[in-house]
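> Quick one: sequence plus predicted model below, questions after.
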Amino acid sequence: MSDHAPTGIKRWLFTTNHKDIGTLYLWFSFIMLLTGGAMAMVIRAELLYPGVQVVDPNFFNMMTTMHGLIMVFGAIMPAMVGLANWLIPMMIGAPDMALPRMNNWSFWILPGAAILLVAPMFIGGDFLAGQGPAFGWTFYEPLSGQYGNLAFFVFAVHLLGFSSIMGSINIIATILNMRAPGMTLMKMPMFVWTWLITAFLLIAVMPVLAGVVTMMLTDKYFGTSFFDAAGGGDPVMFQHIFWFFGHPEVYIMILPAFGVVSQIIPTFSRKKLFGYASMVYATAAIAFLSFIVWAHHMFTVGMPVAGELYFMYATVMIAVPTAVKVFNWTATMWKGALTFEIPMLWSIAFVFLFTIGGFTGLMLGLAPVDFQYHDTYFVVAHFHYVLVTGALFGIIAAFYYWVPKWTGNMYPPLLSKIHFWVSLVSVNVLFFPQHFVGLAGMPRRIPDYAVQFADWNYWSSIGGFVFGLSQILFLYIIIKTIKGGEKATDQVWESAEGLEWTVASPAPYHTFATPPEVK
Amino acid sequence: MHEERKQANIKTTRKTLLIAVAMFGFGYALIPLYSVICDVFGLNGRFIDLQQTDKAEYIANVEKQVDTNRTIRVEFLTTLNKSLNWEFKAMQNTVDVHPGKVTEVMFYAKNLTGRKVIAQAVPSVSPGTANKYFSKMECFCFDQQTFEAGEARNMPLRFYVDPNLPKRIKTISLGYTFFDTDRKVASIK
């Protein structure tokens, strides 16, 4: 096998190389991050002051909807798959993914799905007319069923589902069949473990999502009545099926980030990961529990008390394996020889801020108090703490940790430090006040609000603008690192462990053509 | 070695694909499952349908225990689904009843369109916990209602409130929404 990489557009269109596909995924998700981020800027601009100033309410609703859909399905999930593509074969000593051609297809479906998703916004040639979906990212029936361009949305979700399922099958096959001799399951790096479990979650719930949108489609165009009360259907059932997908989905987005910080923290603590086996079991336990807690998203629909209690206890139980993980990261750092390189800064911020999001999650999981918090900005604050300072921080940490291996160049140290500190401060200015306005009763998904919430919303918007701008700096850092910079050694980090550090920097186009021996 | 891996990959792909297909089916299986759970636990208005059970005996039993010490106010709300051009109202806004006492009230509907319409009324009880204590013996919501163009008619509802209704509930709201069953016609504008 030569180390020759094909060139030009065909290299990217027809590539079956896991590194190329990983790069494509990561760039795609970054473009989506900026797109969804721009929408968040519109949302925060409207909420800067009370009253309706910037956009009309329907356009505002379209922005919240598209922001959520793009960030979940376009930014976070593909970024995690991109990391999996780049890293899993190198971590387990495989020459490539198990099904390279399907891998190409999994990626190239995504741009089509993204176009279908955003296309309705431009129908009629008038972007500001707000023809896109405006029913919230959870697309609750019966509101979503009345949306005129529903078919676009449904087929976009179908394509996203196909992409995710194929990607997951590939990851499972790679991890189960392609490991180097001697790499037993319990010797696999934590990132590989978290992705193996995530992939199983994906193939279990993405088809349910595909099913629920298919029901919406047939309800609207083919005369079925799954969610239509007129024909004996039930809109509440939509919420049950949606959240049966939706709850595992939130773990799909966070588990790989758990894996990332489980790689980074030991490196910069110069210690082995504390409690490796318990980390594996905790991840599996979280994945299992995610299937049996969905109705905690719908405590207020009118469930019997027994149902509320069951879903409350089951939900609160998730705190146990999650705490195992947080304590293990803390114990890994305990008495370690810590240094604070950029990936470590992001990882520590992850542990700290994700835990805040975890605690607010516990509050929301308590049925009696959820009646106050439900559909308020408290919920918005909660899931942004776990998804932005959780999943997204994990992805950014992964970028800084592995980019020297990917490109052979170190990131620019000063700019990266600025990126971290500005992001850290602004993200808290952005989301922390949302706890307060939420507890005080500000509902989510509204373009206007009572003046009592004005001050905190003002600060939240300022934080939002700064956080948004600091990701433009991130784009500059990415390009600068790809173009050049201090050369990285093969080992890159003094005490990094794992097979990916045994290959050259930048990683050659083909690695581990002959499998390495793992002791 | 290579051949072995290939075989293993094909096997894994088959198995995982099977899981994906099965889960797609499971999504649809949730619907009958949901229905069964609602029936078993009396959720979502399912408990009230006395048509199949041994009605006469059950009612005779309830009638014996009319609780004249309690008075429950029952309020009636009527709604039309947006696609239905009808007039629909309750002949009385509220009625005060003793638990266990069978009561009859009337609703009035008129088809304002120039065509025959088959419609279905869907009930909803609030608070939700009162649902299983609110029993309808005869209701226009049990069947689809056919109205000729311009036809108007009174429709009865016979019900009683179960004496086991929790003490704290003093008012029950019963809402009806009328839907056009022939939505294909309705959606053509």
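Alright, I've got the coordinates.

> residue ranges with poor pLDDT in chain B?
Along chain B, the model assigns pLDDT under 70 to residues B:1, B:41-64, B:182-189.

> Buried residues, the longest helix along it. List them.
Within chain B, and with DSSP state H defining each element, the longest helix by residue count is helix B:2-41. Buried residues in helix B:2-41, defined by neighbour count with 16 or more other C-beta atoms under 10 Å in any protein chain shown: B:9, B:12-13, B:16, B:19-20, B:23-24, B:26-28, B:30-31, B:34, B:38. The C-beta positions use only the backbone N, C-alpha and C, and glycine is treated the same way.

> my guess is residue B:21 contacts residue A:208, does it?
No - with contacts counted by C-beta atoms under 8 Å, residue B:21 stays clear of residue A:208, the gap being 11.9 Å.

> any idea which helix or strand comes after the helix or strand residue B:78 falls within?
Secondary structure from DSSP states H and E places residue B:78 in strand B:72-80. As assigned by DSSP H and E, the chain's next helix or strand after strand B:72-80 is strand B:86-90.

> Pull that next one out as CSV, backbone CA atoms only.
Once side chains and other backbone atoms are set aside, the C-alpha atoms of strand B:86-90 remain, and they are given as CSV (Å, rounded to 0.1, in the frame of the first residue of the first chain):
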residue,chain,number,x,y,z
TRP,B,86,-70.9,23.7,12.3
GLU,B,87,-72.8,25.3,15.2
PHE,B,88,-72.3,23.3,18.3
LYS,B,89,-73.3,24.1,21.9
ALA,B,90,-74.4,22.6,25.1
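
> Quick one: distance of the helix or strand following it to the chain centre.
From strand B:86-90 onward toward the C-terminus, using DSSP H and E, the following helix or strand is strand B:94-97. Its chain's C-alpha centre and that of strand B:94-97 lie 21 Å apart, by C-alpha atoms, centre = their mean, to the nearest Å.

> In whatever helix or strand comes next after strand B:94-97, which residues are buried?
Counting by DSSP H and E, the next helix or strand C-terminal to strand B:94-97 is strand B:103-111. Along strand B:103-111, these residues count as buried under the neighbour rule (16+ other C-beta under 10 Å): B:105, B:107, B:109, B:111.

> Sheet partners, orientation included, of the next helix or strand after strand B:103-111?
Past strand B:103-111, heading to the C-terminal end, the next element that is a helix or strand (DSSP H and E) is strand B:117-126. The pairing partners recorded for strand B:117-126 under DSSP bridges are strand B:145-147 (antiparallel), strand B:171-180 (antiparallel).

> Point out the most buried one among those strands.
The highest average neighbour count among the strands paired with strand B:117-126, using mean count of other C-beta atoms under 10 Å in any protein chain shown, belongs to strand B:171-180 at a mean of 19.

> residue in the stretch 301-450 of chain A nearest to chain B?
Taking C-beta to the nearest C-beta as the measure, the point where the stretch 301-450 of chain A comes nearest chain B is residue A:302, at 4.1 Å.

> ok, now which ones touch that residue?
Contacts here follow C-beta atoms under 8 Å, 6 or more residues apart in numbering or on different chains; on that basis residue A:302 touches residue B:128.

> pLDDT averaged over stretch A:81-98 - what is it?
pLDDT averaged over stretch A:81-98 equals 94, rounded to a whole number.

> So which bits of that stretch are buried?
A:81-98.

> For residue B:91, find the nearest of the strands paired with strand B:117-126.
Nearest of the strands paired with strand B:117-126 to residue B:91, taken as C-beta to C-beta: strand B:171-180 at 12.8 Å.

> CA atoms of the closest one as CSV?
In CSV, the C-alpha atoms belonging to strand B:171-180 read as follows (Å, rounded to 0.1, in the frame of the first residue of the first chain):
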residue,chain,number,x,y,z
THR,B,171,-66.1,20.7,39.8
ILE,B,172,-65.6,18.5,36.7
SER,B,173,-65.3,20.1,33.2
LEU,B,174,-66.3,18.0,30.2
GLY,B,175,-65.2,19.3,26.8
TYR,B,176,-66.2,18.0,23.4
THR,B,177,-64.5,18.7,20.2
PHE,B,178,-66.2,17.9,17.0
PHE,B,179,-64.0,16.7,14.1
ASP,B,180,-64.8,16.3,10.5
